[in-house]
Each structure stands twice: as structure tokens, then as C-alpha cells.
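**Student:** Test case, fold it:
(2 chains)
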Number of protein chains: 2
Amino acid sequence: MAKLVECIPNFSEGRDQAVIDGLVKVAQSVPGCTLFDAQSDASHNRCVFTLVGSPESVEEVAFLLCKKASETIDMTKHEGAHPRMGATDVIPFVPTVNMTVEECVEMSKRVAQRIWDELKIPSFLYEDSATSPDRVNLASCRKGQFEGMPEKLLKPEWAPDYGERKIHPTAGITAIGARMPLVAFNVNLDTPDVEIANKIAKMIRGSSGGFKYCKAIGVMLEDRNIAQVSMNMVNYEGTQLYRVFEMIRAEADRWGVRIIGSEVVGLTPAKALVDAAEYYLKIENFDYHKQVMENHLVGL
Amino acid sequence: MAKLVECIPNFSEGRDQAVIDGLVKVAQSVPGCTLFDAQSDASHNRCVFTLVGSPESVEEVAFLLCKKASETIDMTKHEGAHPRMGATDVIPFVPTVNMTVEECVEMSKRVAQRIWDELKIPSFLYEDSATSPDRVNLASCRKGQFEGMPEKLLKPEWAPDYGERKIHPTAGITAIGARMPLVAFNVNLDTPDVEIANKIAKMIRGSSGGFKYCKAIGVMLEDRNIAQVSMNMVNYEGTQLYRVFEMIRAEADRWGVRIIGSEVVGLTPAKALVDAAEYYLKIENFDYHKQVMENHLVGL
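**Tutor:** Below is the predicted model:
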């Protein structure tokens, strides 16, 4: 069964097209890895690539991009609106088809080792690769940014996971980690009272005692005059969409409020939705990886 | 967006391994088309291939296999338990990813034309390619089998769709057509009364006034002592799984019977299940082809 992994590296260059083109060329240089998307933003002075391919090819490209960025981006001259700490600022690996997050954690560690060995760029492991709870969050790792890193790395609790306690002089330091694909899922209520959406959001999100892998806020949809529970599902296999949906239904009921619709924003893995079908149709003994045709077709 | 089509040609040879191997070799000869599975059965004296690939490559392989079968299989000497009328007995094209059934109908017509032009093998178009209602069903086309075909083709209503009113002397005649993937979907009831399952099956199947693309019977699961509504969903986009499920729930209720589970047998396209998630989660404005990640990954 073919495996596919997604990688979304962020580089600290969004203005110099020649530098961006150089990175694009590297991203397209290894068979088996496809550059799906490349977006740059001048005010953030940052570009974001989306790579998809076999684990081996994606891992190779992630390293080669990191090397190229270290040769063409000088962080001592970088300015932009977005927080950043390295020429290659962050490298997330996301399991896409027939891959586990554990396999992506292993990939992240191998890349981190290699960019230290061959490029002398240190790194933090973050998200599912993190070696301590305070490193899970990317913002915590990046706090202090490029300019504050030399001092931060000397603090007892902020030694890099790979490399010595000093940044690469021009490429800084990189965050590398595995994470599940994020599904943006919003549920619309038949009330114009955003406070109800806020209360429900608080009940269902992990940070206030709800579902572990659900982030949620209440928002007002002014054009439709209805309130919405807006969510980021950061691990749709750990906290399935149907579970938050049913819990929102139950919580809303106490105010006599009903769900009138929902929304999946952007891309989603099929499994995030097939899991809901399995629940509602009460399907017994379903083997997603074997029985869903698309899992066999990928890579043909 | 990459397109993938499935083709499941059936050949009238299940005993002579040299002939089967020759067909396998042809099936693997065109880049872009993968031989997913090859199964032969000696008592049926028949083999079934599953091909998956780009429309162009699959169309080419379908023709080449038909040619090879006409050179290596002699229907005047064929015997076996399974009804058959040609060396290549039937060629179904099934839309798999980013394909419509209409595109598969066009493929079937081009192949039918070509096997007449180049091989002088006539054909019937069946299923979604059929040119009249009595040709939709493969069994109707095949009735009379190889031995009865010379006479059948002279009947006013049974001229081949392509070719003259006589079979190829050794390769017979072939049925070619497009059809939707079939999803085998069974719903289990909390009753040991198979009559209830039979009544529900009759209510929901197309042949007795129910859902157009649903075939259904009641069966008894002896080991669990429960009755089951066993279905073939022959077009899951025309009649969605959640619709028969909800109708079974409603019909069962009149006898105080509940659904306790369901079963999807074998392979299913993700969309057959994602459609159910869309319904139950009330997802608004969902664009399956754009938003489901796997649709973009196929062919990478």
C-alpha cells in the first residue's frame, strides 16, 4: 500500500522572487515528491510550501530545502510582520494516506539530526514530536524570535533538541515536528445570540475541559444573523467530528437552540468524514484502510 | 486533477495457465494502467482482471486484452459452469476518481467500435451504455450463450450495437458497458423474524417501487439469530446509502423493530460514505471533489 506524507515548510523570505524561485526549484527536484502549492506574502516576508509524496522523497526534499534556505536567506537582515526564528522557520510533517503520526515523528527526528550534522542548524521538536509539554506549542518555541534566541538557548529549559546551545549565525534555528491534519469545522445555530455559541464553544474545547483535540470559539455570522461554533479539530482521529457535533446538539438543547447546518472549510482527509458515516450508519467492523478504494489507488 | 477508471474484463479461460499468463502480460504492458487483481476459476473456466489507471491507458489495455483473447481462446472448444458468449465475455468500465459515468460510456463505445474495426468481433452495449432497456441487464444480452448467438443475432431486436449480425467464429461476441461502482450494504435488525426483513427489502428496492438504484432482499443471519436487509447499491450517487438507511429505520419502526448495525462488504468509494457524513452533520456547500484531500493525491 502506497504511503503519502504532507510537509508544509515555512521559509523566512516573501519578497525576493529569485530566492523563492530557487527554493521552488529544489522542491521540484526529487522524483516522488510533488510541490502542491507555494504561497508567499511580502508583508509577512515569508513563504509556505505544500509538498506531498512518498516518505523517503519528502524527507529528502525537506532537508534539501533547509540547506538551500540556509544558503540564500540571511536572518540578520530579515524583517517582517510574522514571528520567525530561522531561515527555514518550521517544518511540519503530516500523515496523509496510509501513514501514522508516529512515522512522521520519526521523520522529523531524522531531519533534525541531519540538519544539525550537515548544516549546523539546531532545532526544537514541536507538536507530536515535542520532548516536553512546553515545546508542543510552536509559539512557545518561537518566543523571543531570531533576535532573542541566543539568550533563550542558554536558559536551562531551552536547550535545542538537536544541536548546541547557539543558533546558526544566519539561518537561526528551526522547529520540526509531526502533527495531524487540521480540519476546520464550524457548526451553525438557529440563534442570533453569540453568547450561546461562546458558552457551547467553552464546553466542548479541550482547554476548558471538553474534547482534547478540539479548539473552539463562538463567532457571529453577521450576514446570516446567526451564531456559530467555530472549531479547529487538531486530531480528527482522536476527537471525531461527529462527537463534537452531537455534543453541540446536546448543549444547544438546554437553550432550546438547534443546529441548522455546518461547514467544513478547505481540505479534509476523507477519513474525518467517513468516521461520521460509520457512526451514524452504525457500520460494524469497518476497516477504513482496506475497504476504502482510494487508499489503494493512491500512488498508482 | 488526475482521473482514474477501473475496468474488470472477464475472459473465458480459467484452466490453461499459459493462456492466462499471456493475458496478464498484456494487462501489464501499458504504462499508466495497473493490473490490480487477476482471479481465475477452473470450474467456471473463466478469469476476471481488475485494471485501474488513466482513461487512455485503460482503454488501450482493454482493446489489447480483447485482441490477445481472440488469438488464444477458442469458444468452439470452451465449456464451463458460468454463462458466457465470448472469448472476452464482458468489459465493464467503472468511474473511480474524478470520472463520470458518461465518460465511461464514451470509452465503452470507442472500444466497441475498435474491436469491430480491427478484430471483427461484434458487441452489445449494456448497463449505462445500453441502447435499449432490454440490453441494460447483462444476463439478457448473454441469454442463449455462445452456442445460441448465431440464431439470436438474426432476431430483429438483437442486432449487435457494433458489427454485423454474426459472431466472430472463435471469439464470439462481447458485452461492453459503463456502470457505477457497486456498494454491498447490509442493515441488521433486532428481530429474528426474516419476514420483516423481507417486507422492508421489498419496500425499499427499486423493482417494487422503492429506491431506483437499490436491490434488496431479506436474509437470516443464523449465527446471530437476527434478520438482515441485504442490499446492492448499484449507483450510490443516485440513491445514497443514508437514504435507504433512514427509510429502513422508518419502515422497521412500524413493527417496533430497530436497526442494530450495518455492514459495508468489500471495497467502497469514499464518496459513498462521505455523502452520509454530509447529510448527518448537515454540512453546507460541501464540494467533494475539491475539498477531499485524496482526490488531489491520486496520480501523484
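**Student:** Where does the closest residue to A:Asn137 other than its chain neighbours sit, in terms of helix or strand?
**Tutor:** Leaving out its chain neighbours, the residue that sits closest to A:Asn137 by Cβ to Cβ, 6 or more residues apart in numbering or on different chains is A:Tyr126, at 7.2 Å. In this view, the C-beta of every residue, glycine as well, is placed from N, C-alpha and C. Per DSSP states H and E, A:Tyr126 falls inside strand A:123-127.
**Student:** helices or strands up against that strand?
**Tutor:** Strand A:123-127 sits against helix A:101-119, helix A:138-142, strand A:174-178, with contacts defined as 3 or more Cβ pairs under 8 Å, 6 or more residues apart in numbering or on different chains; DSSP states H and E.
**Student:** hmm, try it at 10 Å
**Tutor:** strand A:88-97, helix A:101-119, helix A:138-142, strand A:174-178 (3 or more Cβ pairs under 10 Å, 6 or more residues apart in numbering or on different chains; DSSP states H and E).
**Student:** any idea which of those is most buried?
**Tutor:** Stretch with highest mean neighbour count among the helices and strands packed on strand A:123-127: strand A:174-178 (a mean of 28; mean count of other Cβ atoms under 10 Å in any protein chain shown).
**Student:** Same question for the closest residue to chain B within the stretch 1-150 of chain A, what's its three-state structure.
**Tutor:** Closest contact between the stretch 1-150 of chain A and chain B, by Cβ to the nearest Cβ, is at A:Thr34 (5.0 Å). Following DSSP: H, G, I helix; E, B strand; the rest coil, A:Thr34 is assigned to strand.
**Student:** cool, and A:Lys166?
**Tutor:** Per three-state DSSP, A:Lys166 ends up coil.
**Student:** which residues touch it?
**Tutor:** By Cβ atoms under 10 Å, 6 or more residues apart in numbering or on different chains, the residues touching A:Lys166 are A:120, A:122, A:149-150, A:153-154, A:160, A:173.
**Student:** where does it fall, phi/psi-wise?
**Tutor:** When quoted as degrees, to the nearest 10, the phi and psi of A:Lys166 stand at phi -150, psi 150.
**Student:** how near is it to A:Gly172?
**Tutor:** According to Cβ to Cβ, to the nearest Å, A:Lys166 and A:Gly172 sit 11 Å apart.
**Student:** Report the set of residues contacting both of these two.
**Tutor:** A:122, A:149-150.
**Student:** tell me which of those is nearest to A:Val219?
**Tutor:** Nearest to A:Val219 among those is A:Met149, at 35.1 Å by Cβ to Cβ.
**Student:** Distance check, that closest one against A:Thr88.
**Tutor:** On the measure of Cβ to Cβ, A:Met149 and A:Thr88 end up 14 Å apart.
**Student:** So the residue of chain A most remote from its centre versus A:Thr191, what's the distance?
**Tutor:** Largest separation from the mean C-alpha position in chain A: A:Gly256, at 36.0 Å (Cα atoms, centre = their mean). For A:Gly256, the distance to A:Thr191 (Cβ to Cβ) stands at 9 Å.
**Student:** Select only the buried ones of the shared contacts of A:Lys166 and A:Gly172 in ChimeraX?
**Tutor:** What follows is the ChimeraX syntax for the buried subset of those, where burial is set by 16 or more other Cβ atoms under 10 Å in any protein chain shown:
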select /A:122,149
